[in-house]
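Asks: Requesting a structural model of the entry that follows:
(2 chains)
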Amino acid sequence: MSTDSSGTFFRWAAAILIAAAGVAACRRADAPPPGSVFTPARATVGAAVNDFLNIRPDPQQPFPFPHSTHVAQKIMCTEYCHESVVKGPIAGLPSVKTCMICHESIATDRPLIKTVADYARRGVDISWQRVYGYAAESHVRFNHAPHIRAKVECTNCHGKIGEQTVAQRNVDLNMGFCVDCHKSRQAPNECLTCHF
Amino acid sequence: MKRRSFIALTAVTGTSATLASCGNPEHQLIRFIPDEEHVPGVAEWKPSLCPLCSAGCGLTVRIMEGDAEIIRDGQTGLIKMGLAKKLEGNPAHPISQGKLCARGQAAIQVTYHPDRLTHPLKRSGARGSGQFQEISWDEATAQLIAQLDGLATAGTPRALAFLHGPSASHRSDLVAAFLDRFGAPPALAYELFGDEVLRRANLVSFGRLQLPTFDFASSRYVISFGADFLGTWNSPVAQSAAYGRMRQGRPGVRGTFVQLEPRMSQTGASADEWIPIKPGTEGVLALGLAQVMMAANLRPADAAGRAGTIIEGWNRGLPDYTPPDVERTTGVTAARIERLARALADQRPAVAVVSGAPLAHTNGLFTAIAINALNALLGSVGEPGGVSFMPQIEPAAGPRTAADRQPGDAPRTLSSWAAAILGGNPSPVQVALIDGTNPVFASPGSWRIRDALLKVPFLASFGSFLDETSMLADLVLPDHSFLESWTDGRPESGAATAVATLAPPAMRPLHQTRAMPDVLLQVAGRLARPLNPPLPWQTFEEMLMASYAALPAPSAEADTWTTAQQQGGWWGGAANVASPAAGSRVPAASRVPAVADRSQAAPRRYAAPQFDGDAAQYPFHFLPYASQAFLDGSLAHLPWLQEMPDVISTAMWCSWVEINTQTAARLGIAEGDVVEIGSAHGTLRAPALVSPGIAPDVIAMPVGQGHESYTRYASGRGENPIRILAPVTEPETGALAWAATRVRVSRIGRGDSELILFAGGMREHPEHER
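Replies: All right, here's what the predicted structure looks like:
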């Protein structure tokens, strides 16, 4: 069996070689579809390289949703738009129906709201892209609901959403980040808490 | 290859692949606004009903939010919806008791099948060519209405025929009500492995036209005549659960189980004692056992009552059925018969079971009546550990009988129905509707069902798949899957209480399909000459609600309709059913009056079974049997079942022919060799499977493969043994005697891996013998 160091060397050597080719040829690789079963197969080598190095493209939202405006209006994330966060593992992205609950009557003259109303009229949902989330190969199962029950603020893991318009991934949710917080709150820290 | 060279190679091929694959933008679908709200990542369990056989097991379906690709207003897109992910047995259901068989587990593939029909289809080529074009529902229903209006205008409503499967449900009630009010003859139910013979025998012996329910859990001794009750017959889940309790559920008592059959089935493999017996002589053996019991005064002859006296010689102690006589007829030794009889009489409660091949002979009815008499003699009818009849709920539309027939009508068995069409000029059937049955595949070629259906001027199918019968249709109106529609059923056996299973749709429809009952109601409402009297329901849901609301409520606070939807049906104890307080039409004890038909009272005597084919030219009995995976072939389109190894042979994805080890040696046939099986009605070729668990003069073959057209998984795979069966029937019921054909066998040559076995040989051998 080869030693760890030589294995790592070859892995990196190969990665750099492929990366050079891949990045040169393709400007932006496609991210694997969220929630799909893990497979080492990728559509392009560029995508495989990016995946290997955990480089993910920034999410491209259909239009700039202003989180800041909504938070300033004291619209609680967990009560209106991402309400499944208190009930289950996944926060969920609101459908355009949820938007129209308020925007049927509020700020109907703004251009972006008109766009939203237009979606609703056409029966088409807004295809928001996920901003956070783990790659399938990390084998992590995250459940929002117990974190909300333990009074962990949304901003702990998602940054100052209230100051952003389009949500940006500005907290790196790596294992160290999770473990630090679990330690400081005396939350369970066994492997099987998250990796099962 | 070394790790280093592997990486180098990856880099080189990867680079070229990259260059080739760039510039393809990701195909993105639009998203439709969801119609329903689910908490993502959290499962919901909803009740449903397994549609794959008539056992009627209650299911519970795991529903989770997922993305489904659908077409809306001609545009393809994704939508978030609750999707069925897994099926299990409903723990509250009296039949499935939280269990489910392997076939039931695979039922989920019906909904997500890649070859499921997604739109109504209209024939665009010649009849039977399989060329169809997609049409709208408006056009499809208009076509059907035009055909029915044509019959009404011409004054020939009796030229409408409806063919369907065997289950009793509100679906079949609705069809019956529709046909009755339209003026058409009652629907014709067809099932290859139907149990008409056993039902008729139960009517003759016990006054119940119904399949029996067995209390194996309390039995101490079970003797089964060819009944595959743990695998494919009657209510296998309920019977397997009870069997498990009989063998292991009572401390200190392990029930004994004896199986008699010419070919070892899955059930036979579980037996303490497996006895091969000459085909068609099972009834004689049963009477031989009764003779020993009566002669030795182990049981009083009058214990059998009417069930005994209808057999000739019963009151004289069955003098023609002494053990040596029975040995000559059946091939089972006299000593063994004596021993079995004494064991049966000693270890009560004991019960005898019969179904399958013993009843598929020309003397099948006698066999069933003989075994009924044995049960009656054992005192096991209606007693714990014995055989009983499940209380039944009377159908909403009222029971229909054969008396509804009128002189000019097409006859009531499929074979005579087809013969009437082929012989009539013009055909007595002008419009035929098909739902949930595939007679073209599941009937002998000599019945010429395909020709008959082609002669019917207009044929419409409600099938979800283009099977052999739907291929002949002019119009296909695809039904929802069972998970997408209201389903209900009134199982005939499997529990001690009356059961009506009900389930609302577990998920929204994936395709442009429509529930058959709703289509029928819609068509009924738009006929030029309205039904007389009109059907009182606008939707199938209304019909179900009206019917369930009339059932006795479980408690004062709860209403039946809501409770039934939540728990997956209605079931009540005997006291509940008999209660007149509810004032409903429901609590009928049985589907027929408990008085036997007097014309059947003539004493019965054994007649040797008649076989098609000369014994010299066709030396073997041919035994097609219900396949563990596909039953009569209706499940061959489900890939999980195709890849499920057969329990006895471990064969999968193929057909095979079972031949006794000694016979195979005599004919020079080795395992995997292709053999030709020929009857007087056709030949087929399949690989041989050499097996010690089959009588030397019997050739067995599973039914289910050999579809010409039944999705990508089943089409063109294996051979259909039904095709070469002789058109022999049991005379009183007209049921196909599917075990009454003789065949010859010849070796064709070495097989080219057509026999796919999951494991190695049939038997384990000690190391030194290999």
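
Asks: Just give the nearest non-adjacent residue to the residue in the stretch 351-500 of chain B that chain A sits nearest to, would you?
Replies: Proximity of the stretch 351-500 of chain B to chain A (C-beta to the nearest C-beta) peaks at residue B:484, 20.6 Å away. Using the backbone N, CA and C atoms, a C-beta is placed for each residue, glycine as well. Nearest residue to residue B:484, sequence neighbours excluded (C-beta to C-beta, 6 or more residues apart in numbering or on different chains): residue B:509, at 4.4 Å.

Asks: I'd like to know how far that neighbour sits from chain A.
Replies: 17 Å (C-beta to the nearest C-beta, to the nearest Å).

Asks: what's that residue in contact with, if anything?
Replies: Residues counted as contacts of residue B:509 (C-beta atoms under 8 Å, 6 or more residues apart in numbering or on different chains) are B:480, B:484-485.

Asks: what's the answer for residue B:288, then?
Replies: Counting by C-beta under 8 Å, 6+ apart, residue B:288 touches B:321-323, B:325-326, B:330, B:337, B:341.

Asks: Check residue B:29 too.
Replies: So residue B:29 contacts B:69, B:76-78 (C-beta under 8 Å, 6+ apart).

Asks: Among these, name the buried ones.
Replies: If you count burial by 16 or more other C-beta atoms under 10 Å in any protein chain shown, the buried members of the contacts of residue B:29 come out as B:77-78.

Asks: Throw the contacts of residue B:29 into JSON lines and include distance to residue B:757, thanks.
Replies: Output for those, formatted as JSON lines (distance: C-beta to C-beta, whole Å):
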{"residue": "B:69", "distance to residue B:757": "37"}
{"residue": "B:76", "distance to residue B:757": "42"}
{"residue": "B:77", "distance to residue B:757": "45"}
{"residue": "B:78", "distance to residue B:757": "42"}
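
Asks: Can you pick out the most distant pair from the contacts of residue B:29?
Replies: Using C-beta to C-beta, these span at most 8.6 Å, a distance reached by B:76 and B:78.

Asks: Return the residues in contact with the spatially most central residue of chain A.
Replies: The C-alpha lying nearest the average C-alpha coordinate of chain A belongs to residue A:132 (C-alpha atoms, centre = their mean; 1.6 Å). Going by C-beta under 8 Å, 6+ apart, residue A:132 touches A:157-158, A:169, A:173.

Asks: please redo it, this time with the cut-off set to 10 Å
Replies: The contact partners of residue A:132, by C-beta atoms under 10 Å, 6 or more residues apart in numbering or on different chains, come to A:59, A:91, A:142, A:157-159, A:167, A:169, A:171, A:173.

Asks: Could you identify the most distant pair in these?
Replies: Greatest spacing in these, by C-beta to C-beta: A:59 and A:142 (17.9 Å).

Asks: before we move on, back to that, quick one: neighbours of the residue of the stretch 351-500 of chain B closest to chain A, just the number.
Replies: 20 (other C-beta atoms under 10 Å in any protein chain shown).

Asks: So it sits against residue B:512, correct?
Replies: No: counting by C-beta atoms under 10 Å, residue B:484 stays clear of residue B:512, with 11.7 Å between them.

Asks: Can you give me the pLDDT of the residue of the stretch 101-250 of chain B found nearest chain A?
Replies: Using C-beta to the nearest C-beta, the closest approach of the stretch 101-250 of chain B to chain A is made by residue B:112 at 15.8 Å. In this model, residue B:112 is scored at 96, pLDDT.

Asks: ok, of the contacts of residue B:288, which one's closest to chain A?
Replies: Closest to chain A, out of all of these and judged by C-beta to the nearest C-beta, is residue B:330, at 56.6 Å.

Asks: For that closest one, which non-adjacent residue is closest in space?
Replies: Residue B:330 sits nearest to residue B:281 (C-beta to C-beta, 6+ apart), 4.3 Å away.

Asks: what's the spacing between residue B:300 and chain A?
Replies: Plainly put, residue B:300 is 65 Å away from chain A if you go by C-beta to the nearest C-beta.

Asks: show me what contacts that residue?
Replies: Residues in contact with residue B:300 (C-beta under 10 Å, 6+ apart) are B:293-294, B:377, B:379.

Asks: From what I see, residue B:438 and residue B:635 are in contact.
Replies: No: at 11.0 Å, residue B:438 and residue B:635 do not qualify as touching, with contact defined as C-beta under 10 Å.

Asks: list residues touching both of the two?
Replies: Applying C-beta under 10 Å, 6+ apart, one finds that residue B:438 and residue B:635 are jointly contacted by residue B:710.

Asks: From the structure, what's the count of residues near the nearest residue to the residue of the stretch 101-250 of chain B closest to chain A once chain neighbours are set aside?
Replies: Excluding the flanking residues, the one nearest residue B:112 by C-beta to C-beta, 6+ apart is residue B:510, at 7.8 Å. Neighbourhood size, residue B:510 [other C-beta under 10 Å]: 21.

Asks: ok, residue B:510 to chain A distance?
Replies: Counting by C-beta to the nearest C-beta - residue B:510 and chain A are separated by 17 Å.

Asks: thought that residue was touching residue B:67?
Replies: No: the criterion here is C-beta under 10 Å, and residue B:510 misses it with residue B:67 at 11.6 Å.

Asks: Mind listing the shared neighbours of those two?
Replies: The contact lists of residue B:510 and residue B:67 share B:79, B:81, B:83, where a contact means C-beta under 10 Å, 6+ apart.

Asks: Inside strands: which ones of those residues?
Replies: Counting by DSSP state E, these place B:79, B:81, B:83 in strands.

Asks: What about the last one, how many residues nearby?
Replies: For residue B:83, the neighbour count with other C-beta under 10 Å is 21.

Asks: Could you check how far it is from residue A:86?
Replies: Distance, residue B:83 to residue A:86, by C-beta to C-beta, to the nearest Å: 23 Å.

Asks: what does residue B:230 give?
Replies: 47 Å.

Asks: Give me the more crowded residue out of these two.
Replies: residue B:230 (25 against 15).

Asks: State the pLDDT value of the closest residue to that one other than its chain neighbours.
Replies: Nearest non-adjacent residue to residue B:230, counting by C-beta to C-beta, 6+ apart: residue B:267, 4.3 Å away. Note on residue B:267: pLDDT of 96.

Asks: and residue B:267, that one's in a helix?
Replies: Yes: if the criterion is DSSP: H, G, I helix; E, B strand; the rest coil, then residue B:267 is within a helix.

Asks: What is the burial count for it?
Replies: Using other C-beta under 10 Å, the number of residues around residue B:267 comes to 27.

Asks: about what we covered before: in JSON lines: the contacts of residue B:288, plus neighbour count.
Replies: Formatted as JSON lines, those follow (neighbours: other C-beta atoms under 10 Å in any protein chain shown):
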{"residue": "B:321", "neighbour count": "27"}
{"residue": "B:322", "neighbour count": "16"}
{"residue": "B:323", "neighbour count": "20"}
{"residue": "B:325", "neighbour count": "18"}
{"residue": "B:326", "neighbour count": "26"}
{"residue": "B:330", "neighbour count": "23"}
{"residue": "B:337", "neighbour count": "24"}
{"residue": "B:341", "neighbour count": "24"}
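
Asks: Relative to residue B:425, which of the residues you listed is nearest.
Replies: residue B:330 (48.1 Å).

Asks: surely residue B:742 meets residue B:609?
Replies: No: Residue B:742 lies out of contact with residue B:609 (C-beta under 10 Å); the separation is 11.0 Å.

Asks: Common neighbours of those two, please.
Replies: Residues touching both residue B:742 and residue B:609 (C-beta under 10 Å, 6+ apart): residue B:621.

Asks: if we take the shared contacts of residue B:510 and residue B:67, which one ends up nearest to chain A?
Replies: Ranked by distance to chain A (C-beta to the nearest C-beta), the shared contacts of residue B:510 and residue B:67 are led by residue B:79 at 7.8 Å.
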